[in-house]
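**Student:** Here is a sequence with its predicted model. Questions after.
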There are 2 protein chains.
Amino acid sequence: MTQAKERISRRGVDKFAQRREQLAESALQALAELGYARTSLREIAQKSDFSHGVLHYYFAGKVELLTYSVRKFEEVCVTRYDDVVAEAHTAEELDRGFGAAMAATLRTDAVMHRLWYDLRNQSLFEESFRADVLEIDDRRQAMIWRVVERYAELAGTVPQVSEAVAYATFDGLFQQFLLRHLAGRETAADELGEAVPRVLKQLFCTA
Amino acid sequence: MTQAKERISRRGVDKFAQRREQLAESALQALAELGYARTSLREIAQKSDFSHGVLHYYFAGKVELLTYSVRKFEEVCVTRYDDVVAEAHTAEELDRGFGAAMAATLRTDAVMHRLWYDLRNQSLFEESFRADVLEIDDRRQAMIWRVVERYAELAGTVPQVSEAVAYATFDGLFQQFLLRHLAGRETAADELGEAVPRVLKQLFCTA
DNA sequence: GCCAAATTTGGACAGTCGTCAAGATTTTCT
DNA sequence: AGAAAATCTTGACGACTGTCCAAATTTGGC
């Protein structure tokens, strides 16, 4: 019997925590492929190199595994556009770059974002994930706001909408084109990349 | 043995179809409460006055029941703001009314919209609902566009965004405040009602 | 009121699910 | 190398799922 807390391997790396990472990775893989409703512990184990029983050695139960996986998911999700912000030197560079980055995300990471929306929705029904989901959502909102603020700086204007509204706008945009993209519309990513700069500019319009 | 198609009762009303409606209603009730992932046929039957076996008398299986229910759901969902459009005589009346209507929807029908987002997300994983979901989404988009067009008419301007972008914007807005609302933030509906008119006006800004 | 058709019930079925624990295996330390 | 601890496998459990069906019940035409 081993408690999770007091675990230090000889070489200083925590092997226990390492396995948890590894299993959470497999969990995310299964979730992204199948969706929350159809992902079982046995499916997750099959994506890993272990048998299904091992999950209860590293996690107290399904909810802890999934909660941990959601937290891990966060890391990929909340810093995506930061280098676009860092590298842009003009407002036009920024809005074009932002649009291109979102389009690229849609093209390459569609299934991961499908998972994100699925988990966020589950949090509307289940209390368990809600806190983590809200925290991730806040950090995504902050990520978008960094883009908006940088644009304001570069263009010498001030945003006319709140942080929440700016995030809701781009998130809704992405989700909409994700739906179209996964439904097979080839042009979805291009359309998104084209729409984003225009919407960004519009956030600064004085009505 | 009775086939569904050739069924006409004495009084002209189709009792078979009536039961299907009734059961689909119970299905929607269960789905809205529990979410797609946790809704079973026995749960649905328990919401109705029947036993679980009857579902296979009126529907070929679970997917047909759910598909039928999704279609029924559509009716509630795609004409919600039409009277706001009809009654507004000035641009200001329209944007205020639209905001108030969305806020009211958030307050009274939060669980139904939670269901809608859940089903739309399921369609990203399962082929079965996708066609119906896309059709409903198109009609919701058209509903939003009617508001935008009417506003253009009243204000004497022309919208600067496409139909898809306009819909994505308001849908993202609603979804974001729905999350906050269901997470317990009391002010969410008010904030939404306040944000909507401003966003609507901004769709007409020439960047 | 009778009989056949339509409808409803409740249980059985084959799977799958999360959970758990006993035993086999591997790793680590002396 | 041998003992102890950590790790992994395997099979079992009770509960739940969608599906199907035989029997019970209700309905409608005569």
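**Tutor:** Received it, and whenever you're ready, just let me know what you need.
**Student:** Enumerate every residue touching the most centrally placed residue in chain A.
**Tutor:** With distances taken as C-alpha atoms, centre = their mean, the residue of chain A nearest its centroid is A:Cys77 (3.2 Å). Residues near A:Cys77 by C-beta atoms under 8 Å, 6 or more residues apart in numbering or on different chains: A:112, A:116, A:136, A:139-140. (Glycine included, C-beta is placed from N, CA and C.)
**Student:** Kindly format the C-alpha coordinates of the worst-scoring helix or strand of chain A on mean pLDDT as PDB.
**Tutor:** Across the helices and strands of chain A, mean confidence by mean pLDDT, DSSP states H and E is lowest for helix A:62-77: a mean of 91. Written as PDB, here are the backbone C-alpha positions of helix A:62-77 (Å, rounded to 0.1, in the frame of the first residue of the first chain):
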ATOM      1  CA  LYS A  62     -13.000   7.800 -12.500                       C
ATOM      2  CA  VAL A  63     -13.800  11.400 -11.400                       C
ATOM      3  CA  GLU A  64     -10.300  11.900 -10.000                       C
ATOM      4  CA  LEU A  65      -8.700  10.700 -13.200                       C
ATOM      5  CA  LEU A  66     -11.000  12.800 -15.400                       C
ATOM      6  CA  THR A  67     -10.500  15.900 -13.200                       C
ATOM      7  CA  TYR A  68      -6.800  15.400 -13.300                       C
ATOM      8  CA  SER A  69      -6.900  15.000 -17.100                       C
ATOM      9  CA  VAL A  70      -9.000  18.200 -17.400                       C
ATOM     10  CA  ARG A  71      -6.400  20.100 -15.500                       C
ATOM     11  CA  LYS A  72      -3.600  18.700 -17.700                       C
ATOM     12  CA  PHE A  73      -5.600  19.700 -20.700                       C
ATOM     13  CA  GLU A  74      -5.600  23.200 -19.500                       C
ATOM     14  CA  GLU A  75      -1.900  23.600 -20.200                       C
ATOM     15  CA  VAL A  76      -2.300  23.100 -23.900                       C
ATOM     16  CA  CYS A  77      -5.200  25.400 -24.000                       C
END
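**Student:** Check which element follows that helix along the chain.
**Tutor:** helix A:82-87 (DSSP states H and E).
**Student:** Can you give the contact residues for that next one?
**Tutor:** A:93-94, A:97-98, A:101, A:143, A:146-147, A:150.
**Student:** Could you list the low-pLDDT ranges of chain A?
**Tutor:** A:1-13, A:207 (pLDDT under 70).
**Student:** returning to what we had before: of the contacts of helix A:82-87, select the buried ones using a PyMOL command.
**Tutor:** Restricted to buried positions by 16 or more other C-beta atoms under 10 Å in any protein chain shown, the PyMOL selection for the contacts of helix A:82-87 reads:
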select buried, chain A and resi 94+97+98+101+143+146+147+150
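**Student:** Most widely separated two among the contacts of helix A:82-87?
**Tutor:** A:Glu93 and A:Met143 (18.2 Å; C-beta to C-beta).
**Student:** tally of neighbours for A:Thr164?
**Tutor:** Actually, residue A:164 is Ala rather than Thr. 21 (other C-beta atoms under 10 Å in any protein chain shown).
**Student:** ok, it - contacts?
**Tutor:** Taking C-beta under 8 Å, 6+ apart, one finds A:141, B:176-177, B:191, B:195 in contact with A:Ala164.
**Student:** mind checking the SS state of the closest residue to chain B within chain A?
**Tutor:** Nearest residue of chain A to chain B (C-beta to the nearest C-beta) works out as A:Gly172 at 1.6 Å. Using DSSP: H, G, I helix; E, B strand; the rest coil, the three-state assignment for A:Gly172 comes out as helix.
**Student:** Would you agree it is in contact with B:Gly172?
**Tutor:** Yes: under the criterion of C-beta atoms under 8 Å, A:Gly172 makes contact with B:Gly172 at 1.6 Å.
**Student:** what about the longest helix seen in chain A and chain B, any contact?
**Tutor:** Secondary structure of chain A read by DSSP state H shows that its longest helix is helix A:127-155. Yes: Helix A:127-155 reaches chain B (C-beta under 8 Å from any C-beta of the partner chain) through A:130, A:134, A:137.
**Student:** Quick check: buried residues in that helix?
**Tutor:** A:128-130, A:132-134, A:136-137, A:140-141, A:143-148, A:150-151, A:154-155.
**Student:** Going by neighbour count, list what's buried in the least confident helix or strand of chain A.
**Tutor:** So, applying 16+ other C-beta under 10 Å, buried residues of helix A:62-77: A:62, A:65-70, A:72-74, A:77.
**Student:** Near DNA strand C, which residues of chain A are found?
**Tutor:** A:9-10, A:15, A:39-43, A:52-53, A:55-56, A:61-63 (C-beta under 7 Å from any atom of the strand).
**Student:** most neighbours, which of those residues?
**Tutor:** A:Thr39 (24 neighbours).
**Student:** which residues does A:Ile191 contact?
**Tutor:** Slight slip there: residue A:191 is Glu, not Ile. By C-beta under 8 Å, 6+ apart, the neighbours of A:Glu191 are A:177, A:180, B:164.
**Student:** A:Ala32 in helix, strand or coil?
**Tutor:** A:Ala32 is classified as helix under three-state DSSP.
**Student:** That one: neighbour count?
**Tutor:** Around A:Ala32 there are 20 residues (other C-beta under 10 Å).
**Student:** check contacts around A:Val63.
**Tutor:** A:Ser128.
**Student:** returning to what we had before: could you measure from the residue nearest to the centre of chain A over to DNA strand C?
**Tutor:** Distance, A:Cys77 to DNA strand C, by C-beta to the nearest atom of the strand, to the nearest Å: 23 Å.
**Student:** likewise A:Leu179?
**Tutor:** 26 Å.
**Student:** for A:Leu192, same thing?
**Tutor:** Distance of A:Leu192 to DNA strand C, given as C-beta to the nearest atom of the strand: 34 Å.
**Student:** Likewise for A:Ala88?
**Tutor:** A:Ala88 is 44 Å from DNA strand C, by C-beta to the nearest atom of the strand.
**Student:** hang on, isn't that residue packed against A:Gly97?
**Tutor:** Yes: judged on C-beta under 8 Å, A:Ala88 makes contact with A:Gly97 at a distance of 5.5 Å.
**Student:** which residue does chain A bring closest to DNA strand D?
**Tutor:** A:Gly53 (2.1 Å; C-beta to the nearest atom of the strand).
**Student:** Does that residue belong to a helix, a strand or coil?
**Tutor:** helix.
**Student:** next one: A:Thr206
**Tutor:** Three-state assignment for A:Thr206 (three-state DSSP): coil.
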